Structure formats: structure tokens, C-alpha cells
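S.K.: sequence unknown, structure follows:
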């Protein structure tokens, strides 16, 4: 079987799958030795999704809007993400632009 990203051969492997830095376990997958792309079969994907739901991680990524507060801009953090990060009002964070499309927020 060929990688759909780079057309290189895929190898059967057991790989660890993480979501938001939390390990959901090790699963059978096909991995491209060249580009590193990982492909899970339907059975592994179902197990991963179940583990993700059990851990409260499924659907955690959210869209939000930028608001204006006085002369500054504010990014609203959805409740589920704030709870996951144990983020509370007045908590100090560091924000750093990684590039023109990514913003890093460190707690």
C-alpha cells in the first residue's frame, strides 16, 4: 500500500496516539517511513474515538471569536477548554506569536 501524501510504501506498526498531549494508547497503524504520516484502520479509529470520549477530549477543539475590549482584542476561551487547562480568572499566561497564523499560549 502507498502513502497518499508522498506515494512511499507504508509499513505496519504499533503506534502511540496522543490527543492534546494525552496518550490514548497504542494502536495498529500503517506508517509512512518517508513522511511519517500515520493511517489507522476503522477498528483502531473507533477505539481511539471511544478513548477520546472517555477522557473528555473528543470535540475539545473549538472555534471562537476575537472580541474588542477597550483598545485591546480579547480571545474568548470556551468553558470546556478552560476546564481542561484548569484556567481561572486572573491567571497569568504568556502569549507568543509563532508565525502569522499561529499563536502560542503558555500557562
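M.R.: Right, received. Where do you want to start? Note that the structure is a prediction, hence the values are computed from the model and not measured. Numbers count the residues shown, from 1 in each chain.

S.K.: Wasn't residue 74 part of a strand?
M.R.: Yes - per DSSP: H, G, I helix; E, B strand; the rest coil, residue 74 lies within a strand segment.

S.K.: Using the three-state scheme, assign the closest residue to it other than its chain neighbours.
M.R.: Distances taken as C-beta to C-beta, 6 or more residues apart in numbering place residue 67 nearest to residue 74, at 4.8 Å, with adjacent residues excluded. C-beta: built from backbone N, CA, C; applies to glycine. Residue 67 carries the three-state label strand when classified by three-state DSSP.

S.K.: per-residue pLDDT, residue 67?
M.R.: Listed pLDDT for residue 67 reads 96.

S.K.: how is this structure carved up into domains?
M.R.: Using automatic domain parsing, the domain ranges for the chain come out as 10-54, 66-106.

S.K.: which of those domains sits most buried?
M.R.: Of all those, domain 10-54 carries the top mean neighbour count, a mean of 14, counting by mean count of other C-beta atoms under 10 Å.

S.K.: Just to be sure, residue 26 is in a strand?
M.R.: Yes - judged by three-state DSSP, residue 26 forms part of a strand.

S.K.: Distance-wise, check it relative to residue 63.
M.R.: Using C-beta to C-beta, to the nearest Å, residue 26 is found at 31 Å from residue 63.

S.K.: max-length helix in this structure?
M.R.: Longest helix of the chain, by residue count under DSSP state H: helix 42-54.

S.K.: Make TSV from the domains of the chain and add distance to residue 1 to it.
M.R.: Below are the domains of the chain laid out as TSV (distance: least, C-beta to C-beta, whole Å):
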stretch	distance to residue 1
domain 10-54	5
domain 66-106	32
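
S.K.: Indicate which one of the ones you listed is closest to residue 3.
M.R.: Among these, the nearest to residue 3 by C-beta to C-beta is domain 10-54 (3.9 Å).

S.K.: tell me the mean pLDDT over that closest one?
M.R.: 96.
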